[in-house]
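Colleague: Predicted model, plus sequence, below.
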Amino acid sequence: MALLDIRNLHVSVEGTEILKGLNLAVDAGQVHAIMGPNGSGKSTLAQVLAGNSDYEVTDGTVKLGDEDLLELDASERAGEGLFLAFQYPVSIPGVSNTYFLRAAYNAVRVHRGQPEMDPVGFINYLRPKMAPLGMTKEMLRRSVNDGFSGGEKKRNEIFQMSVLEPKVAVLDETDSGLDIDALRLVAEGVNAMRSPERAFVVVTHYQRLLDYIVPDVVHVMVDGRIVRSGGKELALELEDKGYGWVEELATDGEAVTA
Amino acid sequence: MSGSNATAPNDSSPVLNAVGDGAAGRFVADFKATSGQLSTNGQSWLAPMRSAAIERFATLGLPTRRDEAWRKTDLRSLARTAFRPAAEVVAPDADAITARVAQLAFPSVATTRLVFVNGRFAPEHSDAYVPTDAVRVEPLAHTLREAPELAQPHLGRVTENDADAFGELNTAFMTDGGFVLVPDGVTVVTPIHLIFLTAPADGPVAQYPRNLFVIGDGATATILESYAGVNDTDVYLTNAYSEAVVGVEGNLTHYKLQRESESAYHVARLQGRQENESTITNTNVALGGRMARTDIDLHVDGSRCETIMKGLYMAHGEQHIDNYTRLDHAQPDCHSHERYKGILDGRSSAVFTGRILVRQDAQQTDAIQENSGLLLSRDAALSTQPQLEIFADDVKCTHGATVGELPENQLFYLRARGISTEEATGILAYGYANEIIEDIEIEPLREQLEQLIRLRVRERFAALKR
Amino acid sequence: MPTATATVEEMARQQYKYGFYTDIESDSAPPGLDEDIIRFISAKKEEPEWMLTWRLEAFRHWQTMTEPDWANVHYEKPDFQKIVYYSAPKSLADGPKSLDEVDPELISTYNKLGIPLEEQLILAGVAVDAVFDSVSVATTFKDKLAKQGIIFCPMSEAVRDHPELVQRYMGSVVPRTDNFYAALNSAVFTDGSFVYIPEGVRCPLELSTYFRINAASTGQFERTLIIAEKGSHVSYLEGCTAPMRDENQLHAAVVELVALEDAEIKYSTVQNWYPGDENGKGGIFNFVTKRGICEGARAKISWTQVETGSAVTWKYPSCILKGDDSVGEFYSVALTNKFQQADTGTKMVHLGKNTKSTIISKGISAGRGQNTYRGLVKVAKGAENARNYSQCDSMLIGDRCGAHTFPYIEVANPTGQVEHEASTSKIGEDQLFYCASRGISEEDAISMIVNGFCKEVFQELPMEFALEAQKLLSVSLEGSVG
């Protein structure tokens, strides 16, 4: 059974249908990349999975393990092990990063029936996770994403992921706005977390990220549907031929599966 | 107050006789009845000062909503309540007072503490008073008896403008309060904590604390005023008045923490004056009171001064909190930064007025004012009125005001990290207030406030679940 | 002071000296105000009985009121018993016979402002019949409008010809008891415009050119009412960039706008009345009540004003956003020079759901001018998701003037978002130096910087008017620096 199982998902925003019957099954231990032109619905998928109520699910099912994800609110989904690395991480002036992380970590623990961790224990828990992502103490002291550079924000997202240890992580355009060094750092952070129990959905516009996070499956999304799926070589083919190639396939109404 | 040369109280005063038997009339009647007992501390000038003040009060009357400065604060319930001047408290309440003082004190931080109950010094709850020739931290009444020359030049004269009706009322009835004198060049490291309590009584009482802070040239001090009731539900009126003068290169850090009973009325005024290159940092925290009004009126009479005014108010239930600040820039090259934030819940309401005056000579003034409010409930209401009055052309003045609820995207971000809506609201409300709280140097006070914000948010969600 | 500003004022005074209109026809009312005077006004205008009753009720209420003093303006209160409340429309025949008879300085100001010849004639009070038939032009406009069912006529005509509309809407937005000056206006209003746009009609013209021609006769107690039916659209422009001559010291106008579902009213004002002399003597008192209501859903009312004239201005064009999703806008440039005082701003009252308002106010103070922005943004309890953005910027030129900002914000709904920003600045020496080093004179540089400062407001004005407004600002500022 797939760890994340999306069937016939239809989603509208303010009356306009964005996702039009999307199917996606991701097994534990796998990395799936979702590529597609701008406006194809990639970020909508990420937001819907996380439970943003601005998006209206009009049909379909989403399961995380045995749980019906669509029945849960955003915080319950996180408790069940879903993590979204935001494309645009939100800044929260006045709330320190450490405080925020501990609140999130403990919320997830409580959801799982585990005891809360005290501040000292939490700092000890954080410490080994910082260096690989180049997180400094100073960044932890600062307000959440407030005054962070684009790269710092994205690193902070991956850092949060490593702290919260989700079952399914959705990375929404985590590569955008990153220089090559930051990209490598972020990719290493993700790769270090790959495990047989965990699945990743990597949403990206460019093939570049996939040089570092090598996917098991690549999907191409056009106009709210997955129109083609294949191995990692599909990403290279896309890079080569451009999105026009798959867009044509989409207009033929032909969904091609590898 | 220029009234020290006025005549003694006089039953035939036409102003006092004309005041009628409304709320103002009750205060005047009380004054007539008790003025003989009001202490003059052996000072012949005090009685005329009091009677001149009650005459001006009688002329002004209690403010109404027709007064621009009271447009959004309804004093009718205060006016309907007959407050008697609070009497001296004798032993019976000592335990309750001790318990209350313990709650308000910060045991983990060294402070010099003076406690006043019903406007009178309570030595048994205060730190031992050690008179020295240098720094003075003592009851004002003591100063007036022992060294009046230190207080008289400043009392009621820190700034030129007359006080409003409540200020006059305080001068008429004032009992005691803190007197702090820091001589030139001296730094007082230990924060001075003045606690003002109102003890339970048979009916509503009014207390009139009066403080005077004289910070010399190059001197530094930190003063915290705490106001509370001995009981959380008592009905009373606190009418407090503080004056502060800060000399050349002096530095005053002043906190006011208002935690009155939520059935009480609180009207307080801080009147301050700054000389060249001095600094005043004022933090005004308002949490209690059924109706609480604080006036802060700072006159920057020196050049190259720095003035920081910060405020945090939190109201719930039926509370009404009104902060009226006025900053008068009269001299060039000064900086001021004012920042007020409020969190309103329940059916509470609040008013913020921030008036900044930049006079013609105050060139190169750099004044920033920000105020914002967070409404947690559908029934809360906030009224804000920033006012800029600028008569100098080479200045930088900005102000911004925002009112609204917590941003949806922040709430979603927290919830997407597994944090419940309730806790997310608490975290965000704290983050919102943190800008004001984070600079508070008295750490236990900062922690108290942090806890209180959480408590309020939790209380709110508990109410929703009911 | 040999500057153009002085010249403009000079002209305003000279007009009094020339006394174009001083020889008032005999059928004017004696000075003073009582019920008989109101009956006289009503009779002269051949009004129906209900209109007289309406006026008398307003007058009786006015007598119980006192003149407000909360505004940040100081002036000698007018003696209401010394004012003449009615004089018959003046005949053009008394004016100069051609532009040759008009002071060349005035003509030069008109040219500076780029006012077309025909309008110059009218503004200068030249008897235009010979050269320019205003009646026929007006008739042409009227025919064009009438074809679409649009009513556009003097208020006195509307009272006679469209009593059902006037009775239904007059006083519905600004009640007779609203304030001291509104009550006075309701009792004694002389004339003004009446506009009715039928359902779904988009008014094909800016109602401006026509108005300019008519402007001279509106008098000191102007009363305007604009009704935009469902889905209609109208843009109305009052005033004129040219210095308006007027011997009435007190102006107390009332303007009411009613926008029904999906209707849009855009109301633009350029006010350049006589501001008084170098020493602050004379000048118009301009005490105006302007208010619009977005009665229906998705209605929109937009006020744009450029206020450069008058000695004292007291004016708050407001929007009551009653319909859901309705929109209110206020764009203002107020300039005070010499001894001018302005206390102006707006009120945005959010009642309906998802209502939006925008306030952009630019105050410029020069000379000894005092400029006050006073505005209220109110979000009522039921106004879900109301949004307001306000920006109030002040600029001071010289060190004898003042800029004051008094925004009132009242929010009683947590879903409301109200944002207010204000700033005060001066023209930087470095800016002037930079311009000078590029060969731009100080006066041009100031004009350039001030116009840049006001850009957000000017771009709300109809195109050709925006250009005039820019020139007007430059002319009004001449001589304020150096």
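Modeller: Done, it's in. Fair warning: this is a prediction, and the values are worked out from it, not measured in the lab.

Colleague: what is the mean pLDDT for the helix or strand where B:Ala94 lies?
Modeller: Using DSSP states H and E, B:Ala94 sits in helix B:94-104. Model confidence over helix B:94-104, given as mean pLDDT, is 89.

Colleague: what's the answer for stretch C:302-309, then?
Modeller: Averaged across stretch C:302-309, the pLDDT comes to 92.

Colleague: Off-centre distance for it?
Modeller: Per C-alpha atoms, centre = their mean, to the nearest Å, the displacement of stretch C:302-309 from the mean C-alpha position of its chain is 6 Å.

Colleague: Likewise for stretch A:13-30?
Modeller: Going by C-alpha atoms, centre = their mean, the spacing between the C-alpha centre of stretch A:13-30 and its chain's C-alpha centre is 13 Å.

Colleague: does any bit of it sit next to chain C?
Modeller: No - using C-beta under 8 Å from any C-beta of the partner chain as the criterion, no contacts between stretch A:13-30 and chain C are found, and the smallest distance is 13.2 Å. Heads up, the C-betas are built off the backbone N, CA and C, glycines and all.

Colleague: helices or strands up against the helix holding B:Ala94?
Modeller: Using 3 or more C-beta pairs under 8 Å, 6 or more residues apart in numbering or on different chains; DSSP states H and E as the contact criterion, the elements in contact with helix B:94-104 are strand B:112-117, strand B:192-198, strand B:220-229.

Colleague: May I see the buried residues of that helix?
Modeller: In terms of neighbour count (16 or more other C-beta atoms under 10 Å in any protein chain shown), helix B:94-104 has its buried residues at B:97, B:100-101, B:104.

Colleague: How about stretch C:467-479?
Modeller: Burial within stretch C:467-479, assessed by neighbour count using 16+ other C-beta under 10 Å, is assigned to C:468-479.

Colleague: Among those, which one sits closest to chain B?
Modeller: Taking C-beta to the nearest C-beta as the measure, C:Leu477 is the one of the buried residues of stretch C:467-479 closest to chain B, at 14.1 Å.

Colleague: pretty sure the closest one contacts C:Thr336?
Modeller: No - with contacts defined as C-beta atoms under 8 Å, C:Leu477 does not count as touching C:Thr336, sitting 10.9 Å away.

Colleague: ok, for the closest residue to chain B within the stretch 51-200 of chain C, nearest residue in space, not its chain neighbours?
Modeller: Scanning the stretch 51-200 of chain C for proximity to chain B using C-beta to the nearest C-beta identifies C:Trp70 as nearest, at 6.6 Å. By the measure of C-beta to C-beta, 6 or more residues apart in numbering or on different chains, the closest residue to C:Trp70 outside its immediate chain neighbours is B:Glu68, 6.6 Å from it.

Colleague: show me where chain B has helices.
Modeller: Assigned by DSSP state H, chain B shows helices spanning B:14-17, B:23-34, B:46-60, B:76-80, B:94-104, B:140-146, B:148-151, B:165-173, B:408-415, B:421-437, B:443-465.

Colleague: and B:Thr233, how many neighbours?
Modeller: One way to gauge burial is a neighbour count; for B:Thr233, by other C-beta atoms under 10 Å in any protein chain shown, it gives 10.

Colleague: what pLDDT does it get?
Modeller: In the prediction, the pLDDT value recorded for B:Thr233 is 88.

Colleague: And for A:Met161?
Modeller: Checking the pLDDT column for A:Met161, the value is 94.

Colleague: same deal with B:Ile368?
Modeller: Per-residue confidence for B:Ile368 comes out at a pLDDT of 90.

Colleague: what's the distance between the residue nearest to it when sequence neighbours are not counted and B:His329?
Modeller: Closest residue in space to B:Ile368, ignoring its immediate chain neighbours: B:His337 at 4.9 Å, by C-beta to C-beta, 6+ apart. Here B:His337 is placed at a distance of 12 Å from B:His329 (C-beta to C-beta, to the nearest Å).
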